[in-house]
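K.L.:
just coords:
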């Protein structure tokens, strides 16, 4: 009798515990976060997710980072019509207008991300996340361009390894001096590059927002709707940059995989890149003997750099469910705090987007991070209507010059007309 009662009680207890477990499982909200595959960013986000889930046991974040950078935008675009995809997504700030147009993003919730809060908390360049009167995304980190130089290749060329070029003229001189050839002086005889232009990397930004301004021009009209980078000043700047491959013969993107990999592997002396490259170097070639300095000044003596950021937005998928929307907003808050920005700079090398974290003296005084941080004061973030398409027209223009021998000014005029059409079509659809 006692045994029967015990078995009944045990059965009831098991059922109660089982029901409780089911209830707990049902109370856990799952959200999906997507970003492209870039190891330092993936590792940093995994750390933030682990911290977030520990503080929010009722939310589980699935981290999808399997997409190569080159495929990521297309994967995102394909996910919306299919009814799948992320609740919180990482995307380049220049994609925001196109993804808003597609109905992919929803405005940030005003309660957590008011305009006053964003202005007071984040770097001024985050204003580029505002479109048609709404903020659609906020970043963990921001980035700027600076000049990387290989100290060993400088020393091999008889240059002072601690003195990088401060002007564009010095940049040309040092690029020529550090180029090493084997059996000739053509592109394919190069064994060490002085400088290789890479428009598919960061040089389209360097040209558009830095070199044109240093030659006295402007890339766009004040309202951003008219292309002006094919001006006389723009032609001079474009010709200057193209000459490294066509006249000085100091390098090419076609050698050593690409310009970025060439520098990481120690095969290039001078390379313009973003602060995010620090993490890649640390992971792939930690023994690389390199330095970082602010971009060299141009003929007018002015300092300029390009500022940009990958940012995080909430998607329509999350907004379709109140519980997921609440969880997504809470997660977005967590990964954009000053603490998250500090973790990010330590793991990835990108600068904190939050003013409180970015003002840390340890960052400002760091010999590698400091030049990027200094550049934020005079950085320009391009307003793109379609960043991928606008980048491609400059890649195509440079290829016309280097591969087909087209005059740089002629190639630039054709490219400007193509970009103007992209901009005009975008605004025509909204009027």
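P.N.:
Nice, thanks for sending it over. Keep in mind the model is a prediction, meaning the values are calculated, not measured.
K.L.:
use CA for all of it now, contacts and neighbours both
P.N.:
Fine.
K.L.:
number of nearby residues for the closest residue to residue 172 other than its chain neighbours?
P.N.:
Setting aside the residues directly before and after it, residue 172 is nearest to residue 244 in space (Cα to Cα, 6 or more residues apart in numbering), at 7.9 Å. Residues near residue 244, counting by other Cα atoms under 10 Å, number 21.
K.L.:
where exactly do the helices run in the stretch 151-300 of the chain?
P.N.:
151-156, 168-178, 203-205, 212-214, 232-246, 259-264, 277-284 (DSSP state H, counting those that start in this stretch).
K.L.:
Tell me which of the ones you listed lies nearest to residue 40.
P.N.:
Shortest distance between residue 40 and these, using Cα to Cα, is found for helix 277-284: 6.0 Å.
K.L.:
who does that closest one touch, helix- and strand-wise?
P.N.:
helix 39-55, helix 259-264 (3 or more Cα pairs under 8 Å, 6 or more residues apart in numbering; DSSP states H and E).
K.L.:
Compute the mean per-residue pLDDT across that helix, please.
P.N.:
If you average the pLDDT over helix 277-284, you get 89.
K.L.:
by how many degrees do it and helix 39-55 diverge?
P.N.:
100 degrees (axes from the mean of the first three to the mean of the last three Cα atoms, to 10 degrees).
K.L.:
Quick check: buried residues in helix 277-284?
P.N.:
Within helix 277-284, the residues that count as buried by 16 or more other Cα atoms under 10 Å are 277, 278, 279, 280, 281, 282.
K.L.:
Over to stretch 201-221?
P.N.:
Quick answer for stretch 201-221 (16+ other Cα under 10 Å): 201-220.
K.L.:
For that stretch, give the mean pLDDT please.
P.N.:
On average, stretch 201-221 scores 96.
K.L.:
same question, stretch 237-255
P.N.:
Computed over stretch 237-255, the average pLDDT equals 96.
K.L.:
And the contacts of that stretch?
P.N.:
172, 175-176, 179, 185-188, 190, 193-198, 207, 211-212, 215, 258-259, 262, 398, 401-402, 408-409, 412 (Cα atoms under 8 Å, 6 or more residues apart in numbering).
K.L.:
just to revisit the earlier point, pick out whichever of the buried residues of helix 277-284 sits closest to residue 367.
P.N.:
residue 278 (11.9 Å).
K.L.:
wait, isn't the closest one in contact with residue 347?
P.N.:
No - with contact defined as Cα atoms under 8 Å, residue 278 does not reach residue 347; the gap is 9.4 Å.
K.L.:
Can you name the residues that contact the nearest residue to residue 216 once chain neighbours are set aside?
P.N.:
Distance criterion Cα to Cα, 6+ apart; nearest residue to residue 216, sequence neighbours excluded, is residue 233 at 6.2 Å. Neighbour list for residue 233: 212, 215, 216, 217 [criterion: Cα under 8 Å, 6+ apart].
K.L.:
Throw the residues you listed into TSV and include distance to residue 46, thanks.
P.N.:
Listed next are these as TSV, based on distance: Cα to Cα, whole Å:
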residue	distance to residue 46
212	39
215	43
216	44
217	43
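K.L.:
List just the nearest of those to residue 418.
P.N.:
residue 212 (18.5 Å).
K.L.:
okay, how far is it across stretch 66-86, tip to tip?
P.N.:
Across its full length, stretch 66-86 reaches 13 Å end to end, with Cα to Cα, to the nearest Å as the criterion.
K.L.:
Sorry, slip of the keys, the one I care about is stretch 303-310.
P.N.:
Using Cα to Cα, the two ends of stretch 303-310 sit 24 Å apart.
K.L.:
can you check stretch 100-118 too?
P.N.:
Stretch 100-118: ends 19 Å apart by Cα to Cα.
K.L.:
ok, residues contacting that stretch?
P.N.:
By Cα under 8 Å, 6+ apart, stretch 100-118 touches 80, 99, 134-137, 313-316, 319, 329, 333.
K.L.:
Generate a PyMOL selection restricted to the buried subset of those.
P.N.:
For the buried members of the contacts of stretch 100-118, the matching PyMOL selection, counting by 16+ other Cα under 10 Å, is:
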select buried, resi 80+99+135+136+137+313+314+315+316+319+329
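K.L.:
among the contacts of stretch 100-118, which are in strands?
P.N.:
Under the assignment DSSP state E, the contacts of stretch 100-118 contribute 134, 135, 313, 314, 315 to strands.
K.L.:
re the thing from before, most tightly surrounded among the helices and strands packed on helix 277-284?
P.N.:
helix 259-264 (a mean of 23; mean count of other Cα atoms under 10 Å).
K.L.:
and that helix, what does it pack onto?
P.N.:
So helix 259-264, by 3+ Cα pairs under 8 Å, 6+ apart, packs with strand 268-274, helix 277-284.
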